[in-house]
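Participant: I would like the atomic coordinates for the input below:
(chains A and B)
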Amino acid sequence: MTLQETLTTHIKQAIASLYGASLETVEFQATRKDFEGDITVVVFPMLRVVKGNPVQIGESIGTYLVEHVTEVTRFNVVKGFLNLVLSDAYFLSFFESVTDFSSFGIVPEGKDAMMVEFASPNTNKPLHLGHIRNVLLGYSVARILNAAGKKVYKTQIINDRGIHICKSMLAWKLYGNGETPQGSGLKGDKLVGNYYVKFDQEYKKEVAALIQDGKTEAEAKAEAPLLLEAQKMLQQWEAGDPETVELWKMMNGWVYEGFEKTYEAIGVDFDSYYYESNTYLLGKDNIMEGLETGVFYRKDDGSVWCDLTEDGLDEKIVLRSDGTAVYMTQDIGTAIQRVKDQPDINGMIYTVGNEQDYHFKVLFLILKKLGFNWADNLHHLSYGMVDLPSGKMKSREGTVVDADDLIAEMSATARTISEELGKIDDFNEQEKEQLYHTIGLGALKYYILKVDPKKRILFDPAESVDFQGNTGPFIQYTYARIMSILRKAGNVEKLPLESVALHTKERELLKQLQLFPETIQTAAENYSPALIANYTYDLVKEFNSFYQNVTILGAENDSEKNFRVRLSAAVAAVIKTAFGVLGIQVPDRM
RNA sequence: GGCCCCGUAGUUCAAUGGAUAGAACAAGAGUUUCCUAAACUUUAGAUGCAAGUUCGAUUCUUGCCGGGGCUACCA
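Facilitator: Residues are numbered from 1 along each chain as shown, chains lettered A, B, ... in the order given. This next block holds a predicted model:
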């Protein structure tokens, strides 16, 4: 039984015996720093069943608890807040009860499985800052769910077909002179992306020329020879024309090699891949079944729709009049296919930008209407756009922040700062590179993950990311400093804690540590890496305050020293776990 | 027009309906004979506007004002 449960039981008894009333629930919160106490009982809600002055009620409950609960040593009441002071023994026994802080808060993986989709790139251009936010969110949510006991499959759907892919293929064919990644030394995705930009440039020239000749803008855009040729290429691809398919395979292959390098640099991986070229015909059968059961209906022109007006949404088309699929058709089919492929999953998370909020609302509703029991466990992990000071990122115009460039820049910043500090001069070049990468990436990941996903991020590459204050490197630094203490402390055997009297700072640290398992659970329920990030920062602040105010290695006696070293080790272990679920590494030295 | 999201210090972010709205950066003032100063301590500074619900509202409701998005037989 947790302390909260114990307290709840006793408070209910107190209310029953003192006032003859019965309480449903008791509300707790952490005591604010300005007041004495560790845990606070909010009296106000009790006024519904107990008539009286909140302060008096608080006083009488407090008196009762001190008498009946050994962990409560004293109390004070401010307005309607009953602040309880807990005994040292309570905190120390919590500390003793955790045998291994490196797995503290982690729930062992159970059978309940989820699939998390993220990344979802197009194969006509490299990954950019927007993808980074997507990938970091998706990956850390996958890890958080896993830490909370779920089995998790990480997947992505790759948009590897369509007119936009044909555009870069066509441009390469016309202007490429057989350029290859091997020959040019360019990363495959970069090379292909260049031709996508090239297509747009040439296309714009053609459009301008046509307008010169007297066409309207709309006509010019529709009739430009390059576009017509790209459309023809798409038809050839769909018809299975060997030459086109061959070109498509080759260029996509280059892109995948490039993507893999980027994923490796970011430090993420996937368990499965879905390709749109395989899934774009899926879903039609499911539509036909839904037509029979009355979930969908057919209009006179032959198109098939789903009427969602009763649910406050519009009518949605799910099959064109010519019988071909739309985006929605595919997503319905893909979702169903995934459950077939991986029958143990009972829910999916889609990491996709918030411009598709409506699409997923509709998708989930349709799947529910189709009667799938897992449709209740679908979640759109929706996130805001990443904007630049110059405005929106547009890949066709080349105004994007490239993922690889950004990571390299972050490492370079880490290098500059580290070299100035000169703390790792004894590292060899390879070790240094590794460390700069860890720090630079840590800065980037933390910067993005600490923000509520719903909010837009304004990212200024020029100012780059800070390394001071509430940042990844600050937390990594604290970890490295603790590791240094532990190296100096040597092997520490556990001494009994009975003689230890808790310092205020030690109390605060223990309280913060205690919150970790709950934080993981809440983060998993809310799909929120930001909660973990902010928790970790609070823990680190607490540790730094402890570190500055208390001597660890030079403590007055052996048992104090022993306790402080073990406490530091516990903090380090929790930082490592917390950052682990965010997908951020921590260095032993920096 | 309809629907959705966001508006908190100069800036970037916090705050299960709870106490005097927390941090960080930038600005000012301090702290290193001592375990890594990428640190710590400290001063000043904010809920877009107006109503409502409540013992209590940054949080919930409504209206307005600002920013963004969706509203394709595109994906």
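
Participant: confidence score at residue A:216?
Facilitator: Note on residue A:216: pLDDT of 87.

Participant: In contact with it: list those residues for me.
Facilitator: Under the criterion of C-beta atoms under 8 Å, 6 or more residues apart in numbering, residue A:216 has no contact partners. (Glycine included, C-beta is placed from N, CA and C.)

Participant: Next: the one 4 residues further on.
Facilitator: Contacts for residue A:220 were tallied using C-beta under 8 Å, 6+ apart; they are A:206-208, A:210-211.

Participant: Show me which of the residues you listed are buried.
Facilitator: A:206-207, A:210 (16 or more other C-beta atoms under 10 Å).

Participant: Next step: those restricted to helices.
Facilitator: Of the buried ones among the contacts of residue A:220, the ones assigned to helices by DSSP state H are A:206-207, A:210.

Participant: Pipe the buried ones among the contacts of residue A:220 into CSV and attach distance to residue A:114 and pLDDT per row.
Facilitator: Formatted as CSV, these follow (distance: C-beta to C-beta, whole Å; pLDDT from 0 to 100):
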residue, distance to residue A:114, pLDDT
A:206, 48, 93
A:207, 46, 92
A:210, 51, 92
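
Participant: Among the residues you listed, which one lies nearest to RNA strand B?
Facilitator: residue A:207 (17.2 Å; C-beta to the nearest atom of the strand).

Participant: which non-adjacent residue is nearest the closest one?
Facilitator: Leaving aside its sequence neighbours, residue A:207 sits nearest to residue A:220 (C-beta to C-beta, 6 or more residues apart in numbering; 4.6 Å).

Participant: what's the distance between that neighbour and residue A:313?
Facilitator: Separation of residue A:220 from residue A:313 (C-beta to C-beta, to the nearest Å): 37 Å.

Participant: Ok, residue A:193 next?
Facilitator: 36 Å.

Participant: ok, back up a step: could I get the buried ones among the contacts of residue A:220 as JSON lines with distance to RNA strand B?
Facilitator: Converted to JSON lines, the buried ones among the contacts of residue A:220 look like this (distance: C-beta to the nearest atom of the strand, whole Å):
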{"residue": "A:206", "distance to RNA strand B": "20"}
{"residue": "A:207", "distance to RNA strand B": "17"}
{"residue": "A:210", "distance to RNA strand B": "21"}
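
Participant: quick one, which of residue A:193 and residue A:313 is more surrounded?
Facilitator: Between residue A:193 and residue A:313, counted using other C-beta atoms under 10 Å, residue A:193 has the larger neighbour count: 26 against 14.

Participant: if I look at the residue in chain A that RNA strand B sits nearest to, how far off is residue A:540?
Facilitator: Relative to RNA strand B, the nearest point of chain A is residue A:469 (1.8 Å; C-beta to the nearest atom of the strand). Taking C-beta to C-beta as the measure, residue A:469 falls 11 Å from residue A:540.

Participant: quick one: contacts for the residue most central in space within chain A?
Facilitator: Chain A has residue A:137 as the residue nearest its centroid, 2.6 Å off, counting by C-alpha atoms, centre = their mean. Contact partners of residue A:137, counting by C-beta under 8 Å, 6+ apart, are A:118, A:351, A:381, A:383, A:448-449, A:453, A:529.

Participant: got the residues of the stretch 201-350 of chain A near RNA strand B?
Facilitator: A:276, A:280, A:299, A:301, A:303, A:314, A:317, A:320-322, A:325-327, A:330 (C-beta under 7 Å from any atom of the strand).

Participant: So which elements touch the helix or strand hosting residue A:258?
Facilitator: Taking DSSP states H and E as the definition, one finds residue A:258 inside helix A:242-266. Judged by 3 or more C-beta pairs under 8 Å, 6 or more residues apart in numbering; DSSP states H and E, helix A:242-266 is in contact with helix A:129-147, helix A:163-175, helix A:181-184, helix A:188-212, helix A:225-239, helix A:403-421, helix A:429-449.

Participant: any chance of those in a markdown table, with distance to residue A:87 too?
Facilitator: Formatted as a markdown table, the helices and strands packed on helix A:242-266 follow (distance: least, C-beta to C-beta, whole Å):
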| stretch | distance to residue A:87 |
| --- | --- |
| helix A:129-147 | 31 |
| helix A:163-175 | 66 |
| helix A:181-184 | 66 |
| helix A:188-212 | 60 |
| helix A:225-239 | 73 |
| helix A:403-421 | 43 |
| helix A:429-449 | 36 |
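
Participant: which of these is buried the deepest?
Facilitator: helix A:129-147 (a mean of 25; mean count of other C-beta atoms under 10 Å).

Participant: any idea which helix or strand comes after it?
Facilitator: Counting by DSSP H and E, what follows helix A:129-147 is strand A:151-158.

Participant: quick one: contacts of that next one?
Facilitator: With C-beta under 8 Å, 6+ apart, strand A:151-158 has contacts from A:109-121, A:123, A:138-139, A:142-143, A:145-146, A:268-276, A:279, A:334, A:338, A:342, A:344-345.

Participant: cool, stretch A:356-374 as well?
Facilitator: Identification of contacts with stretch A:356-374 by C-beta under 8 Å, 6+ apart yields A:286, A:289-290, A:293, A:295, A:306, A:308, A:311, A:313, A:316, A:318, A:327-328, A:331-332, A:335-336, A:339, A:345-348, A:350, A:352, A:375-376, A:378, A:380, A:382.
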